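Engineer: Model the structure of this input:
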Amino acid sequence: MSGYILCQVKRARNPYYITNISTNIYSIEELCYYLYNNIYLLDETIINEELLQWLKEELHLRRLYQKLSLLLEEKKSIGEFIVPIFKEINYLSHDQFREMNERLKRFEEQPEIVRKKLKGDYLVEHEKYINAIRVYQQTMKEAKGTSMGHQFIGCIYNNMGCAYASLFQMNEALECFRKAYEELHTRASLKSYLFATYMSQGKDAYEKKAEELKVDSETKKEMDSRIVEAMQVELPRDLDGALAAWTRDYHKSTGL
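Structural biologist: Here you go, the predicted model:
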């Protein structure tokens, strides 16, 4: 967890592992920090019996454990479940509670499938690309046979393409951007499709695809300029140090 958190309760000897962001937490303060700052990630991966056992066995918060066990058994809302955790150490001010409840209300009002997409978007934003892709794939499965339209499906494919591209898996990214363009037919989705084509299959394939899609001259000129700019990235002088940093970033983004 980033930043400094003053602990009021003892730290755990054995941490609780948060799957979504591949992070260990050692205190109730760190748990509160996660809950407050990651509304879109609050689901069964954190609201479960395993968390309650950790609170009881590692932090010795037996009274809190009993409260949360009852709420979990009664299948209360996310907001109702997490409030006792914050109150245990008076973690939030009155204004912070109100602001958080407003965010939770907006989130919980969304259909479940939309909430899953938002979770994937949030993971991409925070560079957890592998987890985001898994969420998007599950969301796509659940979207089949529903009334979710082309815009929703196209956005998922586009964002999944961005996640694959960030992992330098350009063949997978290209397939996602192709499907996104087929759903959206927007200029932005076309440009992503063309760029992924160049990065995955090279200049000839890019030129052929632009001709096949009858790309207008203005868009083609803009894409050519963007590709030239992208190809002019210089390698850093300290290549060993840069490779080490890139490796750390990769493990951070994949959780591996």
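Engineer: give me the low-pLDDT residue ranges for the stretch 101-250 of the chain?
Structural biologist: The stretch 101-250 of the chain contains residues with pLDDT under 70 at 233-250.
Engineer: Now with 80, please.
Structural biologist: 145, 231-250 (pLDDT under 80).
Engineer: ranges for the helices of it?
Structural biologist: Secondary structure of the stretch 101-250 of the chain, counting by DSSP state H, counting those that start in this stretch: helices at 112-125, 129-143, 150-166, 170-184, 187-201, 203-212, 217-230, 239-254.
Engineer: What lies in contact with the third one?
Structural biologist: For helix 150-166, the surrounding residues in contact (Cβ atoms under 8 Å, 6 or more residues apart in numbering) are 114, 117, 120-121, 124, 127, 129, 132-133, 136-137, 139-140, 143, 170, 172-177, 179-184, 189, 192, 196, 199, 253. No exception for glycine: its C-beta is placed from N, CA and C like everyone else's.
Engineer: Show me which residues of it are buried.
Structural biologist: By neighbour count on 16 or more other Cβ atoms under 10 Å, the buried set for helix 150-166 is 152-166.
Engineer: got the angle for it vs helix 112-125?
Structural biologist: Counting by axes from the mean of the first three to the mean of the last three Cα atoms, to 10 degrees, helix 150-166 lies at 30 degrees to helix 112-125.
Engineer: for the fourth one, same thing?
Structural biologist: Note on geometry: by the same axes, to 10 degrees, helix 170-184 and helix 112-125 are set 140 degrees apart in direction.
Engineer: Repeat that for the second one.
Structural biologist: Helix 129-143 and helix 112-125 meet at an angle of 160 degrees, taking the same axes, to 10 degrees as the criterion.
Engineer: likewise the shortest one?
Structural biologist: If you take the same axes, to 10 degrees, helix 203-212 sits at 140 degrees to helix 112-125.
Engineer: So for helix 203-212, what gets flagged as buried?
Structural biologist: Buried residues in helix 203-212, counted by 16+ other Cβ under 10 Å: 206, 207, 209, 210.
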